[in-house]
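> everything below, folded, please.
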Amino acid sequence: MLCQGCGVEAPTRQVAFYQNIGALVMRYSSKVEGKLCKSCIHKHFWKMTAVNLTLGWWGTISLIMTPCFLINNLGHYMVCLFMPSSRGAQRPQLSSEAVARLGPHTEEIIRRLNAGEKAADLMSDVSQRAGVTPGQVALYIQELVRASRRAAK
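Predicted coordinates for the structure are as follows:
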């Protein structure tokens, strides 16, 4: 699937990493959530964990929230350790060859999306039958949407 962090076509997993910065009487928190590849998971886990460990404790509420965030982040990270590597993965490209292969499936794609089918299921199915990657199907769908919007203006 496509990584929502970096856009490469690689195995992904749904994760949520939280960060907390304590400021005595206030706290600032942020999160990274989505289907991420192993490289993005690794990057966000270590960045947010470092902030939690150094700046997360400085406040009453933060003293309670930071350990919760650390446990959550560690749990998500541990589950992802055995994912296949995303090294060498690239962003998909919509080549003219891919467009030609997907052209015959255009009406089916539109019909299935309008029927409310999950895009991930559609992309997986059509990509196998058309001989392209799921990422190329996603880019094709984006182009169909853009063309539809241009035609509506």
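> what's downstream of the helix ranked longest in the chain, the next helix or strand?
In the chain, assigned by DSSP state H, the helix with the most residues is helix 60-80. The C-terminal neighbour of helix 60-80 among helices and strands, as given by DSSP states H and E, is helix 96-102.
> what does that following helix rub up against?
Outside helix 96-102, the residues within contact range by C-beta atoms under 8 Å, 6 or more residues apart in numbering are 109, 126, 130-132, 136-137, 140. Where C-beta positions appear, they are placed from N, C-alpha and C, glycine not excepted.
> could you identify the buried members of those?
With neighbours counted by 16 or more other C-beta atoms under 10 Å, the contacts of helix 96-102 contain buried members at 109, 126, 130, 132, 136-137, 140.
> give the buried residues for the longest helix of the chain.
62, 65-66, 69-70, 73, 76-77, 80.
> what mean pLDDT does it have?
The pLDDT scores in helix 60-80 average 94.
> how much space between the spatially closest residue to residue 35 that is not a sequence neighbour and residue 2?
The shortest distance from residue 35 to any non-neighbouring residue, by C-beta to C-beta, 6 or more residues apart in numbering, is to residue 12 (4.0 Å). Per C-beta to C-beta, to the nearest Å, residue 12 is found 7 Å from residue 2.
> so what sits against both of these two?
Common neighbours of residue 12 and residue 2 (C-beta under 8 Å, 6+ apart) are residue 35.
> ranges for the helices of this protein?
Going by DSSP H, the chain shows helices at 38-55, 60-80, 96-102, 106-114, 119-130, 134-152.
> circling back: TSV for the buried ones among the contacts of helix 96-102, including pLDDT?
Formatted as TSV, these follow (pLDDT from 0 to 100):
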residue	pLDDT
109	92
126	92
130	92
132	91
136	91
137	91
140	92
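> just give me the closest of the residues you listed to residue 119.
residue 137 (8.8 Å; C-beta to C-beta).
> correct me, but the closest one touches residue 128?
No: using C-beta atoms under 8 Å, residue 137 makes no contact with residue 128, being 9.8 Å away.
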